[in-house]
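Trainee: I'd like to go over a predicted model; first the sequence, then the structure.
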Amino acid sequence: MDSVRSKDIQKDRSMDRSTSSGDDKLFVEHCKGVNGLERVILREVRGASVEVYLYGGQVTSWKNEYGEELLFVSSKATFKLPKAIRGGIPICFPQFGSHGSLEQHGFARNRMWSIDDDPPPFPTNTSNRAFIDLILKHSEEDVKIWPHRYEFRLRITLGPGGDLMLTSRIRNTNTDGKSFAFTFAYHTYFAVSDISEVRVEGLETLDYLDNLKGKERFTEQGDAITFESEVSVDKIYLSTPTKIAILDHERKRTFVLRKDGLPDAVVWNPWDKKAKAMTDFGDEEYKHMLCVEAACVEKPIVLKPGEEWRGRQEISTVPSSYCSGQLDPKKVFQSD
Ligand SMILES: O=P(O)(O)OC[C@H]1O[C@@H](O)[C@H](O)[C@@H](O)[C@@H]1O
């Protein structure tokens, strides 16, 4: 679907060569993580870092230049196959949630991904040195549950300013002429000081499907979304703007999420009852996390053989000591 111009191809090739030089070890370190699982650490000169597990192709840590953790990972996360790691940024593919016949959130989050040493050209900003390319392909086992061949390439980049970018490129490699359809999400767990101090801006007045009410469609009323009603929240906002802001008043920090190719956004917090029912989640941890997920759920993406889809999420933080009215996500970006 996306065509890449030859100029971009040349630029990318020269960049890909530069990333194999010795000093790039400063930016990309390969090591073992919890339970001996393969892990990659991306570092930027000012001190920001990102950790990625090949298990699930999953980001499990994103720290700013002061070493503060910006993502939530449960203290009870197992880091053990076949359970997905609870926290960070699980990849939901080829199915979001229970919207289909596959296991919840699809299988990409509990498969072992590989490093993609020779990714096809990729138009990127040449100042980005800290990035890793991962790939997941169909296995003969998976073809039995989802009868399609695909190549899923994931580039994870830590920008010089500490921004975290994830770009997915999914290609239909079926040889039987069949198209396939999938739904998708970057299931990002943001770390927050106290859920009752958090507001989400950019989703007000939109339609959403309520997962807790049989996926029925409603329209969000009122101002920005807050979490004080002492019940779990599990909503799929439809056709959302490309920028969403998550404001943590207590910590005076705003997360800014930008997305492309992903029209929907899921907001999830399990609250206390569901938290207690999850074996890999602490009873009180719901207070310190909020999932805001760039997603494509309502209208599945359909790819013909040879076609490729791209979906991108970029997250960054800005200090927030704003008061209401200044919280327009566009303004947050302009000050970036
Ligand atoms: O426990 P899981 O499979 O990781 O899912 C967690 C939650 O993920 C959210 O994205 C879904 O909207 C919720 O319905 C779900 O409960």
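Mentor: Arrived safely. Numbering: from 1, shown residues only.

Trainee: check contacts around residue 230.
Mentor: 271, 272 (Cβ atoms under 8 Å, 6 or more residues apart in numbering). C-beta coordinates here come from the backbone N, C-alpha and C atoms, glycine included.

Trainee: all strands of the stretch 51-200 of the chain, in order?
Mentor: 58-63, 91-92, 114-115, 130-137, 150-158, 164-172, 180-186, 189-191, 198-201 (DSSP state E, counting those that start in this stretch).

Trainee: roughly how far does the residue of the stretch 201-336 of the chain found nearest the ligand sit from residue 293?
Mentor: Per Cβ to the nearest ligand atom, residue 268 is where the stretch 201-336 of the chain lies closest to the ligand, at 4.1 Å. Counting by Cβ to Cβ, to the nearest Å, the gap from residue 268 to residue 293 is 7 Å.

Trainee: quick one: low-confidence ranges for the protein?
Mentor: Applying pLDDT under 70 to the chain flags residues 1-25, 321-336.

Trainee: coming back round to it: I figured the residue of the stretch 201-336 of the chain closest to the ligand hits residue 237, correct?
Mentor: No - contact criterion Cβ atoms under 8 Å: residue 268 and residue 237 do not qualify, at 11.3 Å.

Trainee: please say which of those two ends up with more neighbours.
Mentor: Shown here are residue 268 and residue 237; by other Cβ atoms under 10 Å, residue 237 has more neighbours (27 against 19).

Trainee: report how many residues lie close to residue 74.
Mentor: Around residue 74 there are 19 residues (other Cβ under 10 Å).

Trainee: for residue 286, see how far away it is.
Mentor: Using Cβ to Cβ, residue 74 is found at 10 Å from residue 286.

Trainee: three-state assignment of the residue nearest to residue 66 when sequence neighbours are not counted?
Mentor: Using Cβ to Cβ, 6 or more residues apart in numbering and skipping the chain neighbours, the partner closest in space to residue 66 is residue 47 (7.3 Å). When classified by DSSP: H, G, I helix; E, B strand; the rest coil, residue 47 comes out as coil.

Trainee: same deal with residue 212?
Mentor: For residue 212, the assignment made with three-state DSSP gives helix.

Trainee: now for the residue in the stretch 51-200 of the chain that the ligand sits nearest to: which residues touch it?
Mentor: Residue nearest to the ligand within the stretch 51-200 of the chain: residue 104 (4.3 Å; Cβ to the nearest ligand atom). Residues counted as contacts of residue 104 (Cβ under 8 Å, 6+ apart) are 97, 98.

Trainee: residues of the stretch 101-250 of the chain that sit close to the ligand?
Mentor: Residues of the stretch 101-250 of the chain found near the ligand (Cβ under 6 Å from any ligand atom) are 104, 105, 187, 211, 234.

Trainee: which ones are touching the second one?
Mentor: The reference is to residue 105. Contacts of residue 105 by Cβ under 8 Å, 6+ apart are 84, 90, 92, 95, 96, 97, 185, 187.

Trainee: over to the last one?
Mentor: For residue 234, the contacting residues are 210, 211, 212, 266, 267, 268, by Cβ under 8 Å, 6+ apart.

Trainee: closest one of those to residue 121?
Mentor: residue 266 (31.5 Å; Cβ to Cβ).

Trainee: what helix or strand is that closest one on?
Mentor: Assigning secondary structure by DSSP states H and E places residue 266 in strand 264-269.

Trainee: tilt between that strand and strand 180-186?
Mentor: Interaxial angle of strand 264-269 relative to strand 180-186 (axes from the mean of the first three to the mean of the last three Cα atoms, to 10 degrees): 50 degrees.

Trainee: who are the packing partners of strand 264-269?
Mentor: strand 233-237, strand 289-303 (3 or more Cβ pairs under 8 Å, 6 or more residues apart in numbering; DSSP states H and E).
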